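Enquirer: what shape does this take:
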Amino acid sequence: MSRVAGLAVAVQAAVTVRITHEAARRQALALHMPCQSRGLGSSRSLRSLRSLSPLHALIAALIVAPAATYAATATHPHHPATPQAVYVTYVTSQGDTLYEIAQRYLRNPHDWTVLSRLNGVPAPRHLQAGVTLRLPAALLRQDQQAAHVVAASGPVERAFDDGPFTPLAAGMTLGEGDRVRTGHEGFVTLELEDGTHVTVSQDATVVIGTLRVTALTGATDRVIQLHQGEVDSEVTHATKKDDRFQIRSPSVVAGVRGTRFRVDYDGGAQRTAVEVLDGAVGVDPASIAAPPPGVPLRDSQQLVAAHFGNVSDAGGAVGVPVALLPAPALLEPGKVQDGKTVAFDLVAQAQAVGYRVQIARDADLLDLIRDQRVSEPHADFGDLADGTYFVRIAALGHDGLEGLPQTYAFERRQLGLAASAEARPGSRDYTFRWFVSRAGVATRFRFVLGTTADLGTPLVDRTDLPAGEIVVTDLPRGVYYWTVIAEQFENGRFYEKSSSIRSFTLAR
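Expert: Purely as a prediction, here's the structure:
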């Protein structure tokens, strides 16, 4: 390589590094610098260039070339990496200075010089009230916000960055960099400062990536990274065009401006399901840069509307939207859960391959306590303390998407009723006995005995029995059916519990 060529390469590298290092700052300054022909591109500079020696002319030309290339790239209307400079306005108050404005609203207080050049203010002197200034949006300060734990149930832990996990409970706060991990039957709901709720389901791991608000504009930027499991988000509708809320999985980026939606990432299959219950969600592949604040949802690769969802594989194309299955129904929606276990029977759906049944302490299911996926329209949750709860049910489709939900309130009030029948020796008499588990509540009983399984024409029908025993005498031969009903009145409500219909045969 000749001495001239080598020097040219060195100059080219130096200029390239300089341009790369200063690109971001020049972008913020470019649009407010005076457009004077003072550079090498002016006629005066060209005349000077022609007067240089060949070596110096080559060096100068190489200095001009990268700058000209950068300028051409920055103004090319179709170049994807050309963000337009965005400004926000600020109206001065009495006594304001550029120093103070930069300190209040900009990331770097020394950028008062940028404000000076941009607005033609020669020095950081006191400004008159009512003057409208332009501030580059890219230089505005962002302040971190907090997420508040409003509900937690079961095994829930948090860790900061790579630190150890510790228990997470309601009333605690989280911030950027915090990791949240739930175990089996572990659930946690976070409330952001604008009222947005994010519920992390069982066996999930999420990281709070970004949680910030921009000074002066008040625009919020929230990014939740989903590493495993599911998050259910109810996002307060955006009030500013630059507000952003995103759930990022290894497969997709789901962005919204106010909606109710779920994102479920299966780490084993490397697949993400997005289900939209209200509003719309813009879905883009995780392999590309996330859409910046202010970009309309319609510019996403896929816009998923309410009652639709899509499934996307990591490294593949974003799935097309498909309609979600309709919400199923309970067979006995008004039933008091008074048995040994809490169980629900659903009306079967022909298109469903399974069902999801969840129990919470509140109607919005922020305080989840149980979650099951079953292949048949029946779910049994075992024992549960007495109280008022809410159950949400949804059908599961062949495509892996969870359908639209239906929520019911139900009461858990366990009332055990045991009954037995015993023949008296040497007679055709029978003694029937029973007792209830809630002995502290006044109880009346009804006893019914008949010869048909439906007890439609009873031989004995005694109501308002105060005791737990009755003797029936002189029964003729035959097959008999009987049951006992316990009746209680408590806290303004009437409760009834029936034993199963039992039978016995009297052969002599």
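Enquirer: list the single closest residue to residue 172 in space, sequence neighbours excluded.
Expert: Spatially, and ignoring its direct neighbours in sequence, residue 172 is nearest to residue 149 (4.8 Å; Cβ to Cβ, 6 or more residues apart in numbering). For glycine as for every other residue, the C-beta is placed from the backbone atoms N, C-alpha and C.
Enquirer: again, but for residue 238
Expert: Residue 238's closest residue in space is residue 257 (Cβ to Cβ, 6+ apart), at 3.9 Å.
Enquirer: farthest residue from the center of this protein?
Expert: residue 426 (70.7 Å; Cα atoms, centre = their mean).
Enquirer: mind pulling up the pLDDT for that residue?
Expert: pLDDT for residue 426: 80.
Enquirer: could you do residue 295 as well?
Expert: Looking at residue 295, the pLDDT reads 58.
Enquirer: can you check residue 243 too?
Expert: pLDDT at residue 243 comes out at 87.
Enquirer: same question, the one 10 residues further on
Expert: The model reports residue 253 with a pLDDT of 93.
Enquirer: what does residue 124 give?
Expert: Residue 124 is given a pLDDT of 68.
Enquirer: ok, back up a step: list the contacts of the residue nearest to residue 238.
Expert: By Cβ atoms under 8 Å, 6 or more residues apart in numbering, residue 257 lies in contact with 235, 237-238, 243, 245, 279, 297.
Enquirer: and which of the residues you listed is nearest to residue 403?
Expert: Ranked by distance to residue 403 (Cβ to Cβ), the contacts of residue 257 are led by residue 279 at 17.3 Å.
Enquirer: the residue nearest to that closest one when sequence neighbours are not counted and residue 400, how far apart?
Expert: Distance criterion Cβ to Cβ, 6+ apart; nearest residue to residue 279, sequence neighbours excluded, is residue 259 at 2.6 Å. Distance of residue 259 to residue 400, computed by Cβ to Cβ, to the nearest Å: 21 Å.
Enquirer: just residue 438 next, same as before
Expert: Using Cβ to Cβ, residue 438 is found at 44 Å from residue 400.
Enquirer: neighbour count for the two, which is higher?
Expert: Using other Cβ atoms under 10 Å, the more surrounded residue of residue 438 and residue 400 is residue 438, with 18 against 15.
Enquirer: quick one: residues contacting that one.
Expert: By Cβ under 8 Å, 6+ apart, the neighbours of residue 438 are 414-416, 488.
Enquirer: would you list those in TSV and tack on pLDDT?
Expert: Converted to TSV, the contacts of residue 438 look like this (pLDDT from 0 to 100):
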residue	pLDDT
414	93
415	93
416	91
488	93
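Enquirer: among those, name the buried ones.
Expert: The neighbour-count criterion (16 or more other Cβ atoms under 10 Å) marks 414-415, 488 among these as buried.
Enquirer: closest to residue 201 out of the residues you listed?
Expert: Checking the buried ones among the contacts of residue 438 one by one against residue 201 (Cβ to Cβ), the nearest turns out to be residue 414, at 27.1 Å.
Enquirer: what about the residue lying closest to the closest one once chain neighbours are set aside, how many residues nearby?
Expert: Distances taken as Cβ to Cβ, 6+ apart place residue 338 nearest to residue 414, at 5.7 Å, with adjacent residues excluded. Neighbourhood size, residue 338 [other Cβ under 10 Å]: 20.
Enquirer: please report how far residue 338 lies from residue 437.
Expert: 9 Å.
Enquirer: and for residue 316?
Expert: Counting by Cβ to Cβ - residue 316 and residue 437 are separated by 56 Å.
Enquirer: what does residue 151 give?
Expert: Per Cβ to Cβ, residue 151 is found 30 Å from residue 437.
Enquirer: restricted to buried residues, select the contacts of residue 257 in PyMOL.
Expert: This is the PyMOL syntax for the buried subset of the contacts of residue 257, where burial follows 16+ other Cβ under 10 Å:
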select buried, resi 235+238+243+245+279+297
